[in-house]
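> compute the structure for the input listed below.
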Amino acid sequence: MSTQHCLLLILTASASAGAQRAPASEAASFAAELDHLLGVPAGLTADAAAEGALVTSFEVEGRRDALDAAEDQVTQAAVGYLPRINLAARALRLSAITPPLFGPLVIAPESPEGPLSSSAVLVNTPVRFAALRNQTAAEISLTIPVSDYLLRIVPAHSAARHSAAGASLILRAARRQVATNGRLVFYGWVRARLQLVIADASVAQAKAHLADVMQLREVGRVPQADALRVEAQLAAAELLRARALEARAVQLQKLQTLLHATGAQEPAIGEDVRAAVAPLPDALESSRWVDRAMNQRPELKALAASTASLVEQANAQRAGIYPRLEAVASATTANPNPRFFPPQDRYDTTSSRRASRACFSSVTALRAWASSAERAALVAHASVGDHPS
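Have a look, this model is predicted:
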């Protein structure tokens, strides 16, 4: 046997033995690399990503502000049940004028009250009233909107409460959506990192395979076409690795943007995604899952609350078509009090009670607004009924 044939047999035997040992060693090395990469104690987990997204989300903050505004509107609508109290005070300093002559009067200063006798002495006397330059007054009034209690305030308060309930449901839905997005972005980033690990292993395996093929090619055991095919496999593996690097950078940027931690160091993976996923608490048919979603999704409940709010707003606006009845009581202290004649330089207190009625002139505008609110409520109701999930 020639030396060349002996060398060829040795290379073939070593290659076969290496091929048998390679899968076990590569699997152990790959498992060790995954153990080092996954489940890091101080690393980032899906729950931590969801919590960080909730803490830094501008959408959640905006929904929370909208809920605060809606709750303030409920308080403002509830204030409408209270009677209105108005306080007013004024002080005037008038310019000096010549007191006007009331007119000459004929009086009998020496005669008692009653009919005058034929011998009564009559005197012609001019009469003037003092022109008071300083005038002060204070008034307090209490207004009870009798008709508004039934026609305006109750529907407006109910509409505000429905709006607040809808804002609370929208906030709950936003929190769930943001938390879900945080978990999805986290797992997308983990997948990109694991794809890079697989791409690195593929490149290393392709390089090792190419080295073995080149050795066999030198002794003439492998044709040139097979060597070129292995080189093409290495190029494809390197291309996949380059794409995996780009995907990792993109997913890391998404994660940092969601957590508002742009420019921070890439965290470690604190969750071992190789663990088995826990089964669902109960197995339901797909149709029953849809029914549960229709009954429990906060977005759909928010649409229902918005529908109820629009209906109550339409009822409140329609009340403007009818006359408004108010009961008003007031008390006035003034110097001089205009109810006393002639004017006197002193403080006098008077009171009054009245019932007023007012009609809204633009009935057409009110009906148009109420009709538009009703149409919006119908659209919202249709959205609830047609929502797929």
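> next, name the residue at the spatial heart of this protein.
Arg63 (1.5 Å; CA atoms, centre = their mean).
> helix or strand for it, which one?
Using DSSP states H and E, Arg63 maps to helix 58-79.
> re the thing from before, who are the contact partners of the residue nearest to the centre of the chain?
Counting by CB atoms under 8 Å, 6 or more residues apart in numbering, Arg63 makes contact with Ala167, Ile170, Leu171, Ala174, Arg175. To be clear about C-beta, it is placed using only N, CA and C from the backbone, and glycine gets the same treatment.
> the second one against Lys301, yeah?
No: proximity of Ile170 to Lys301 does not meet the contact threshold set by CB atoms under 8 Å, at 9.4 Å.
> next, the buried residues of the helix holding Arg63.
Going by neighbour count (16 or more other CB atoms under 10 Å), the buried part of helix 58-79 is Val60, Arg63, Arg64, Ala66, Leu67, Ala70, Glu71, Gln73, Val74, Ala77.
> what does the helix or strand following that helix rub up against?
Note on helix 58-79: by DSSP H and E, the next helix or strand toward the C-terminus is strand 84-93. Strand 84-93 has contacts (CB under 8 Å, 6+ apart) with Arg133, Asn134, Gln135, Thr136, Ala137, Ala138, Glu139, Ile140, Ser141, Leu142, Thr143, Pro145.
> sorry, back to before: so how far is the helix holding Arg63 from its chain's centroid?
With CA atoms, centre = their mean, to the nearest Å as the basis, helix 58-79 stands 8 Å off its chain's centre.
> now swap in stretch 259-271 and tell me
Computed by CA atoms, centre = their mean, the chain-centroid distance of stretch 259-271 equals 27 Å.
> residues making contact with that stretch?
Stretch 259-271 has contacts (CB under 8 Å, 6+ apart) with 37-46, 48-49, 52-53, 56, 182, 190, 193, 252-253, 256.
> the helices in the stretch 51-200 of the chain, which residues?
Applying DSSP state H, counting those that start in this stretch to the stretch 51-200 of the chain gives helices spanning 58-79, 146-148, 154-218.
> dump the ones you listed to JSON lines, plus mean pLDDT and distance to Pro323.
Listed next are the helices of the stretch 51-200 of the chain as JSON lines, based on pLDDT from 0 to 100; distance: least, CB to CB, whole Å:
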{"stretch": "helix 58-79", "mean pLDDT": "93", "distance to Pro323": "22"}
{"stretch": "helix 146-148", "mean pLDDT": "86", "distance to Pro323": "7"}
{"stretch": "helix 154-218", "mean pLDDT": "91", "distance to Pro323": "17"}
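> just name the most buried of those helices.
helix 154-218 (a mean of 18; mean count of other CB atoms under 10 Å).
> the residue nearest to Ser163 when sequence neighbours are not counted: neighbour count?
Setting aside the residues directly before and after it, Ser163 is nearest to Ser309 in space (CB to CB, 6 or more residues apart in numbering), at 4.6 Å. Neighbouring residues of Ser309 were enumerated by other CB atoms under 10 Å; the total is 25.
> equivalent analysis for Gly270, please.
Look at Gly270: counted by other CB under 10 Å, it has 18 neighbours.
> over to the one 5 residues further on?
When neighbours are defined as other CB under 10 Å, Ala275 has 9 of them.
> give me the three-state assignment for it.
Three-state call for Ala275 (DSSP: H, G, I helix; E, B strand; the rest coil): coil.
> cool, Gly220 as well?
Gly220 is classified as coil under three-state DSSP.
> what is the nearest of the buried residues of helix 58-79 to Leu116?
The shortest approach to Leu116 among the buried residues of helix 58-79 belongs to Ala77, at 69.0 Å (CB to CB).
> from Arg161, how far out is that closest one?
The gap separating Ala77 from Arg161 is 8 Å, by CB to CB, to the nearest Å.
> do the same with Val40
Using CB to CB, we find Val40 at a distance of 48 Å from Arg161.
> go on, Gln76?
From Gln76 to Arg161 the distance is 12 Å (CB to CB).
> the nearest residue to His157 once chain neighbours are set aside: what's it in contact with?
In this structure, His157 finds its nearest non-sequential neighbour in Ala77, 4.2 Å apart by CB to CB, 6+ apart. With contacts defined as CB under 8 Å, 6+ apart, Ala77 is in contact with Ile153, Ala156, His157, Ala159, Ala160, Arg161.
> quick one: Val230 is in a helix?
Yes: counting by three-state DSSP, Val230 is part of a helix.
> is it correct that it is in contact with Ala206?
Yes: if you go by CB under 8 Å, Val230 and Ala206 touch, sitting 7.3 Å apart.
> and the most far-flung residue of the chain relative to its centre, what pLDDT?
The C-alpha centroid of the chain is most remote from Ser119, which lies 94.2 Å away (CA atoms, centre = their mean). On the pLDDT scale, Ser119 is placed at 79.
> for it, give its distance to Gln251.
Ser119 sits 122 Å away from Gln251, going by CB to CB.
> report the buried members of the contacts of strand 84-93.
Gln135, Ala137, Ala138, Glu139, Pro145.
> is it true that the first one touches Pro336?
Yes: between Gln135 and Pro336 there is a contact at 6.7 Å, judged by CB under 8 Å.
> related to what we said a few turns ago, looking at the buried residues of helix 58-79, spot the one nearest Ala31.
Closest to Ala31 out of the buried residues of helix 58-79 is Val60 (39.8 Å), distances taken as CB to CB.
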